[in-house]
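Chemist: have a look; sequence and predicted model below, questions after that.
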Amino acid sequence: MRARAWLALALLLGAGTAAAAASADAVLARGARDGKVPAWAIAVATPPGWTRDCCMYARAIGVDAVLYQGDWSGKPQRVMVLNVWPRQLPTLAAEVDADHRRYHQLDPAGRIARFALRHPTMRCDATVYQGSDHIDDVLAFCEPAQDSGIRLSWSMTLDADEPQRRALLDAFMQVVMASRYQRDGAAHAH
């Protein structure tokens, strides 16, 4: 069952899901200028029924933004997490490889599947981690324009037997594919 779900994700990732451009009022997270890194904003169209949070729960767990359904539970399952950081490694592939090494250090028996992602405006790479603890993670690393100075990732944790897996993965891919980097002259620290 898990293999089929991840195969479906692979097909979805390879298909290059089309997404409408996010408007300026869809900004979910902002970052102030940081040395050579210009101020930035990440805009995204949020799927119906999902709550956007950049400031309360996201700040409490140390990330740039979260999307969740229903009430905030504090559990990582079924929460989409946005992280943005200044680019440090030379390539997106190096970033993904480093993440894979960290994962295998934490879970040597875990399985990793990597997929190219055809985002319309950014280079992206997706990974599915199948944990030996029966907790799975889907993670998409993206790299906006070279002069942005940042990289970003969207991630979501799912129980291996999650009954809503397909709908959650579809919503996750909508968010990833609709995410847009913007230079943001009005950005402030959040």
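Modeler: Received the coordinates, thanks.
Chemist: which residues touch Val63?
Modeler: By CB atoms under 8 Å, 6 or more residues apart in numbering, the contact list for Val63 reads Val81, Leu82, Asn83. (Each C-beta comes from the backbone N, C-alpha and C, glycine too.)
Chemist: most surrounded residue in those residues?
Modeler: Within the contacts of Val63, most neighbours by other CB atoms under 10 Å means Leu82, with 22 neighbours.
Chemist: so is that residue in a helix, a strand, or just coil?
Modeler: Following DSSP: H, G, I helix; E, B strand; the rest coil, the label given to Leu82 is strand.
Chemist: ok, now which ones touch the nearest residue to it once chain neighbours are set aside?
Modeler: Distance criterion CB to CB, 6 or more residues apart in numbering; nearest residue to Leu82, sequence neighbours excluded, is Ala65 at 4.2 Å. Contacts of Ala65 were listed using CB under 8 Å, 6+ apart, and they are Leu28, Ala29, Ile42, Arg52, Asp53, Cys54, Ala58, Val81, Leu82.
Chemist: farthest-apart pair in those residues, please.
Modeler: Pairwise distances across the contacts of Ala65 peak at 13.5 Å for Ile42 and Asp53 (criterion: CB to CB).
Chemist: and Arg183, what are its bridge partners?
Modeler: Per DSSP bridges, the residues bridged to Arg183 are Trp40.
Chemist: what about it, neighbour count?
Modeler: 13.
Chemist: wait, doesn't Arg123 sit right on Glu143?
Modeler: Yes - counting by CB atoms under 8 Å, Arg123 does reach Glu143; the two are 4.7 Å apart.
Chemist: overlap of the contact sets of these two?
Modeler: Common contact partners of Arg123 and Glu143 (CB under 8 Å, 6+ apart): Leu92.
Chemist: which residue sits farthest out from the middle of the chain?
Modeler: Among the residues of the chain, the one whose C-alpha is farthest from the average of all C-alpha positions is Gly35, by CA atoms, centre = their mean at 24.4 Å.
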